[in-house]
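Trainee: predicted structure and sequence below. I'll ask about it afterward.
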Amino acid sequence: MAGEAQEDCLFCKIVARHIPATIVRETDTTVAFRDINPQAPTHVLVIPKVHYADAAELAAAEPAIAADVLREARSVADEDKLDSYRIVFNTGSGAGQTVWHAHAHVLGGRGLEWPPG
């Protein structure tokens, strides 16, 4: 069921501490951890503790938690002393989503070209 932890979800397993991650921040509703394949000096994933397949589902079902994800993305950037950064939500396989649990990528610490690749 949407919102509930999924046994086969990598990010749900990180939330439950069944899989290790380098956690940099945690709130009542979110967990932020370093990406294992960073694309920039700062590459942190911010995920809701509740399970929704993508950012669109999260925003529709729990807008307050979607806002928490964005707020934590800013906190990550502040802690890493980034004066500019990018927040990316990949929604759907055509957009590059590979883990079906809503998450934001916080990228910074180098120049980021536009449009992204």
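Mentor: In hand now; what should we look at? Source: prediction; values computed, not measured. Residues are numbered from 1 along each chain as shown.
Trainee: CA atoms for contacts and neighbours, from now on please.
Mentor: Noted.
Trainee: ok, and what's touching the lengthiest strand in the chain?
Mentor: Of all the elements of type strand in the chain, the one with the most residues (DSSP state E) is strand 42-48. Residues lying outside strand 42-48 but in contact with it, judged by C-alpha atoms under 8 Å, 6 or more residues apart in numbering, are 11, 29-35, 65-66, 69, 72-73, 76, 80, 101-109.
Trainee: now, which of these lie within strands?
Mentor: Using DSSP E, the subset of the contacts of strand 42-48 located in strands is Thr30, Val31, Ala32, Phe33, Arg34, Ala104, His105, Val106, Leu107, Gly108.
Trainee: so for the fifth one, what's the nearest residue that isn't a sequence neighbour?
Mentor: Right, the one you point to is Arg34. Val44 (4.4 Å; C-alpha to C-alpha, 6 or more residues apart in numbering).
Trainee: how about Arg110?
Mentor: Counting by C-alpha to C-alpha, 6+ apart, Ala40 is the residue found nearest to Arg110 once chain neighbours are left out, at 6.4 Å.
Trainee: how about the one you found, what does it touch?
Mentor: Ala40 makes contacts with Leu107, Gly108, Gly109, Arg110, as judged by C-alpha under 8 Å, 6+ apart.
Trainee: hmm, 10 Å instead?
Mentor: For Ala40, the contacting residues are Val106, Leu107, Gly108, Gly109, Arg110, Gly111, Leu112, taking C-alpha atoms under 10 Å, 6 or more residues apart in numbering as the criterion.
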